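>>> no sequence on this one, just coordinates:
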């Protein structure tokens, strides 16, 4: 990988793609499935795809651990979508349904939902529990090192 290129994991087929940083704003497509790499929408992750997105992506990934029955989770969903539109391509947004992916919830010690975890370089760098508005979410992400 050159200093000018970064790795982005496709939200559709989960293939890892190398993209020149200058091309991120131009809507790059996946080399494997030819679909957009950056959609402005959160990616649904499973136990099978989680590691690939967290460990192979060179951009930070913020993950919303949520459940369909959770009122605050449902209330925050539009704000999370809005923040994804604002911050992509510099940050990837993802969601993990803890009802369907209880092993991921246990692995990260999720005790309340929604819980947001920001990953950089495959490592957790920040965590926030509770629903946030879009401006608060954007400010929280931008405040991280």
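The structure has been received and is ready for your questions. The shown structure was predicted, so the numbers you read here are calculated from the model rather than taken from an experiment.

>>> what is the burial count for residue 26?
The number of residues packed near residue 26 is 11, by other Cβ atoms under 10 Å. To be clear about C-beta, it is placed using only N, CA and C from the backbone, and glycine gets the same treatment.

>>> my read: residue 100 touches residue 46, true?
Yes: with contact defined as Cβ atoms under 8 Å, residue 100 and residue 46 form a contacting pair (7.4 Å).

>>> could you check how far the residue nearest the centre of the chain is from residue 137?
Closest to where the C-alpha atoms of the chain average out (Cα atoms, centre = their mean) is residue 93, at 2.6 Å. Noted for residue 93: a distance of 9 Å to residue 137, by Cβ to Cβ, to the nearest Å.

>>> which neighbours do those two share?
80, 83 (Cβ atoms under 8 Å, 6 or more residues apart in numbering).

>>> need the next SSE after whichever strand or helix holds residue 125, C-terminal direction.
Residue 125 is located in strand 123-129, with elements delineated by DSSP states H and E. Per DSSP H and E, strand 123-129 leads on to helix 134-142 as the next helix or strand towards the C-terminus.

>>> that following helix: which residues count as buried?
The neighbour-count check on helix 134-142 (16 or more other Cβ atoms under 10 Å) flags 134, 137, 138, 140, 141 as buried.

>>> identify the residues contacting the top helix by length along the chain?
Longest helix of the chain, by residue count under DSSP state H: helix 71-87. The contact list for helix 71-87 (Cβ under 8 Å, 6+ apart) reads 40-42, 64, 66-68, 93, 95, 113-114, 130-134, 137-138, 141.

>>> buried sites along that helix?
Here helix 71-87 shows 73, 76, 77, 79, 80, 82, 83, 84, 86, 87 as buried, counting by 16+ other Cβ under 10 Å.

>>> same question for stretch 23-43.
24, 28, 30, 37, 38, 39, 42, 43.
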